[in-house]
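In: I would like the atomic coordinates for the input below:
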Amino acid sequence: MTTEAIFQTQLIQKAWEDPSFKAKLLSDPKSAIKEVLGVWIPDHIQIKTVEEQSNELYLVIPPNPSGVIKSEAKEKAIW
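Out: The predicted structure is shown next:
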């Protein structure tokens, strides 16, 4: 299990157990994460927290790693 998956599992478990934490996680996720895990999230990183309902499924598509690598290579090639 990745570190990210472990953090997510811990946050979800805490949200299920603590309604006030869940509310804070939904309204101010960076502050809630720092409070519970001690992890500081940089300002340039955005966190969107949503509550999935039983009749919904959220599919998160991460950035394509090949696109990131290619774009970085092009930027460096310019210089």
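
In: what's the local residue count around Asp43?
Out: Applying other CB atoms under 10 Å, we find 7 residues neighbouring Asp43. Any C-beta I mention is one placed from the backbone N, CA and C, and that applies to glycine too.

In: which residue sits closest to the residue nearest the centre of the chain, ignoring its sequence neighbours?
Out: Central residue of the chain (CA atoms, centre = their mean): Ile47, 5.3 Å from the mean position. Excluding the flanking residues, the one nearest Ile47 by CB to CB, 6 or more residues apart in numbering is Pro29, at 4.2 Å.

In: what separates Phe21 from Leu57, distance-wise?
Out: Noted for Phe21: a distance of 24 Å to Leu57, by CB to CB, to the nearest Å.

In: helix or strand for Gln46, which one?
Out: Using DSSP states H and E, Gln46 maps to neither a helix nor a strand.

In: got a list of what it touches?
Out: By CB atoms under 8 Å, 6 or more residues apart in numbering, Gln46 lies in contact with nothing.
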